[in-house]
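[1] Based on what follows, work out the 3D shape:
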Amino acid sequence: MSKEESGEFMEKVHRLQPDCLVSSRVGNGLGDFKDFGDGEIPPGVVKGAWEAIFTHNDSWGYSAFDQNFKSPREIIHMLAEVASKGGNLMVNIGPDGKGRILAHRNSISGKPAAGSRRMAKPSMAPHIRLLRRSPGG
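    All right, here's what the predicted structure looks like:
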């Protein structure tokens, strides 16, 4: 897609869906926010809006044979790392052929963490993440 075509696509999306954001995967240096490679978290704080994209297992679509699901602990750690660097975490979960999202013993579900926000001064401590309280803390 040329830069002109990417720009036309973004303009059309924004005209039809004013609140819709277009990722940088539209190409040509355009997009409302930056996407990194699949399964990639940048090493430090990134300026501007961005997201990290992962799968819940090893497949982007449903696969009855792919049972390598990430544990709740792994997902929470990814979320903490991404949020501490100012980003959003997108975890792809592929439904089966009937549109069902099948439960798995390692799965987690629920709403985004209440009160999630970027660290006040990420440049001061970009790699510090509180994952659990100490006893009595």
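[2] what are the ranges of the helices in the chain?
    3-16, 72-84 (DSSP state H).
[3] Just name the most buried of these.
    Here the criterion is mean neighbour count by mean count of other CB atoms under 10 Å, and of the helices of the chain the winner is helix 72-84, at a mean of 17. Backbone N, C-alpha and C define where each C-beta goes, glycine included.
[4] what's that one packed up against?
    Packing contacts for helix 72-84, counted by 3 or more CB pairs under 8 Å, 6 or more residues apart in numbering; DSSP states H and E, involve strand 50-55, strand 88-92.
[5] and Ala52, what does it touch?
    36, 40-42, 78, 82, 87-90 (CB atoms under 8 Å, 6 or more residues apart in numbering).
[6] now swap in Val13 and tell me
    With contact taken as CB under 8 Å, 6+ apart, Val13 is in contact with 20, 22.
[7] First-to-last residue distance for stretch 11-25?
    15 Å (CA to CA, to the nearest Å).
[8] How about stretch 83-92?
    End-to-end for stretch 83-92, by CA to CA: 17 Å.
[9] Now render the contacts of Ala52 as CSV, adding pLDDT and distance to Phe65.
    Output for the contacts of Ala52, formatted as CSV (pLDDT from 0 to 100; distance: CB to CB, whole Å):
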residue, pLDDT, distance to Phe65
Phe36, 91, 27
Glu40, 95, 25
Ile41, 95, 27
Pro42, 95, 31
Met78, 94, 24
Val82, 94, 28
Gly87, 93, 31
Asn88, 93, 30
Leu89, 93, 25
Met90, 91, 24
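[10] can you pick the most crowded of the residues you listed?
    Gly87 (24 neighbours; other CB atoms under 10 Å).
[11] Report the contact partners of Pro42.
    Going by CB under 8 Å, 6+ apart, Pro42 touches 36, 50, 52, 85, 87.
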